[in-house]
Structure formats: structure tokens, C-alpha cells
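A.B. asks: what follows is a predicted protein model with its sequence.
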Amino acid sequence: MTLPRKLAGFSSKAYQSIEDSQRWSEVVSESLSDGRGEGHYVCVPHPVLPLMISWLEGTGMDVGVQDLSRFGPGPHTGDVTAEVLAELGCRYVMLGHPERRRDYGETWDIVAEKAARASENGIVPIIIVGDQHRDDDVRAVCSEQLGYILGAVAPEADLMIAYEPAWAIGAADAAPPEHIVGSVATIRDLLSDRPGDSRIVYGGSAKSGTYTDIVSAGAEHPDGIPDGVFLGRAGLDPHAFLSSVDEVERARR
């Protein structure tokens, strides 16, 4: 399946209760009830997945999760397999997020295993890559990170990359637009020989207005404009998420 050309996303992380998630979906559903949400997405904790799919019915939005098991079905207590998530209608899975690598010691080898499990079961991996420090060599860092993934996922499989510099995650503002444009252009070049469908979005303290700023900075460098934006904390406000949907829609007509 071809990936959308316009992508506004939101990860709720572990902030929302079930009630919070439902309230969020009600606001979004009311605004996008005409199917205008087609191609946009939200990534939620595993138990919320089937609920959110139901709540967002008619909007056109896709629903994904924030992690899955690197193992298939078997004696792996507590794990949630790609097979089960696929049965539930999961479209995307986030992998490689710095928070998980920090909190759970996930290596890029583990991330690659998870990406392979997802892809083999029809779930599109959203791979979070990016520089740890502001003065890192983005090409060197992202080339190394993507090397693990491209070696594990079939070349023809769909793949989404979220550029999220670790130093911008949790910050007051997103990375400078010029930095984002240069980094996205670099990642696009690293993926240029890949036959499968690939998309790039920007995350890392993204909020309403971030995508517009990136588009302005990339006016003369279109390869550096991402295919969308990926909100975290800012997206907890459904109106902020909807604003980002509008920004992406306007910019990518």
C-alpha cells in the first residue's frame, strides 16, 4: 500500500487515561468527520488501539502503537506481538525512540528486530532517528542508525522515518527549521536508492506552527521539507493536532 503524501501524527506517549483518549478523539472526530483526516495518524498504548480505531471511524485517520515485541508468538510473557496488533488493525508502530532506548536499554539491533517483525506482518515501522547532540554529524549518525533498519526490513517494504534529534525532545521548542531542512535532506538522500515507499516526518517538540516554519525555511530546498510532522506533548491538545493537520494539508496541496 502506498504511504500518504501528507502526514500529521500524534503520539500520546503515556500521558492519557482512557477517558482522556476518548475526549481527544471526540474533538478530532467532530472536525474530521468528513474523512478529511485521511493519511494522518495517532500512536497510542496497546490497550487503546481498538478503542481509538472505533472512535476515529469515519475520519480516515490511521491508528498505530508505540512499541511491539521483537518476538513472534511463543513463551514471551507480557509481550505484545506484531501478529496480534495486525489482527487488531494496527497501521503503524513507533520504534527506536530515545526515551525507550534510555529507559529500557534498547539497542539498535533490538529496534531492527522489531522493525522486521512489524514489516513482516503488514505494520509500517516509524523509525525515530536523530542526532544526540546539537553538534553531531547528522549524516554519520543517521546513516549508522538507518543501517540497522535497512538491513532488517525488506527493501520493497513501506517505511516511515521520524527525524527527532534527541536534544530537541522535551525542549521548549523544536529544532531550528534550517537544521531540520538540512537533516531531512540528508535522510532523504540516504534513502534515495531504496525501492520501497518511504516517508519522512519531523518530531521533537513539534507543535502548531512548526511545519509552517519548516516549509518556509525549505522554500529553496524542497528535498529538505518533510512529508509531515509528528507531535508529542503538544498534540495532547486536540486543537493543536488539528492545526497541524491543516498546516500539512495547506502546504502539500
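C.D. replies: Sure thing, it's come through.
A.B. asks: would you map the strands across this structure?
C.D. replies: Secondary structure of the chain (DSSP state E): strands at 7-11, 41-44, 62-65, 92-95, 124-129, 159-163, 198-202, 228-231.
A.B. asks: can you tell me how far the residue nearest to residue 229 when sequence neighbours are not counted is from residue 120?
C.D. replies: Nearest residue to residue 229, sequence neighbours excluded (CB to CB, 6 or more residues apart in numbering): residue 211, at 4.4 Å. Every residue, glycine included, has its C-beta placed from N, CA and C. As for residue 211, its distance to residue 120 is 32 Å (criterion: CB to CB, to the nearest Å).
A.B. asks: more neighbours: these two, which one.
C.D. replies: Higher neighbour count among residue 211 and residue 120: residue 211, with 30 against 16, using other CB atoms under 10 Å.
A.B. asks: for that one, which residues are in contact?
C.D. replies: Residues in contact with residue 211 (CB atoms under 8 Å, 6 or more residues apart in numbering) are 8, 202, 226, 228-229, 244, 247-248, 251.
A.B. asks: would CSV of the residues you listed with neighbour count, distance to residue 137 and pLDDT be doable?
C.D. replies: CSV is the format used below for those (neighbours: other CB atoms under 10 Å; distance: CB to CB, whole Å; pLDDT from 0 to 100):
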residue, neighbour count, distance to residue 137, pLDDT
8, 29, 29, 98
202, 28, 19, 98
226, 28, 20, 98
228, 30, 25, 98
229, 32, 24, 98
244, 26, 29, 98
247, 21, 30, 97
248, 26, 29, 97
251, 17, 29, 93
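A.B. asks: format the residues you listed as CSV; extra columns: distance to residue 107.
C.D. replies: Formatted as CSV, the contacts of residue 211 follow (distance: CB to CB, whole Å):
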residue, distance to residue 107
8, 30
202, 24
226, 26
228, 28
229, 28
244, 32
247, 35
248, 33
251, 36
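A.B. asks: closest one to residue 169 out of the residues you listed, please.
C.D. replies: residue 202 (11.7 Å; CB to CB).
A.B. asks: now the closest one: closest residue in space, sequence neighbours ignored.
C.D. replies: Nearest in space to residue 202, with sequence neighbours left out and distances taken as CB to CB, 6+ apart, is residue 226 at 4.6 Å.
A.B. asks: give me the pLDDT value at the residue of the chain most remote from its centre.
C.D. replies: The C-alpha centroid of the chain is most remote from residue 75, which lies 29.3 Å away (CA atoms, centre = their mean). On the pLDDT scale, residue 75 is placed at 98.
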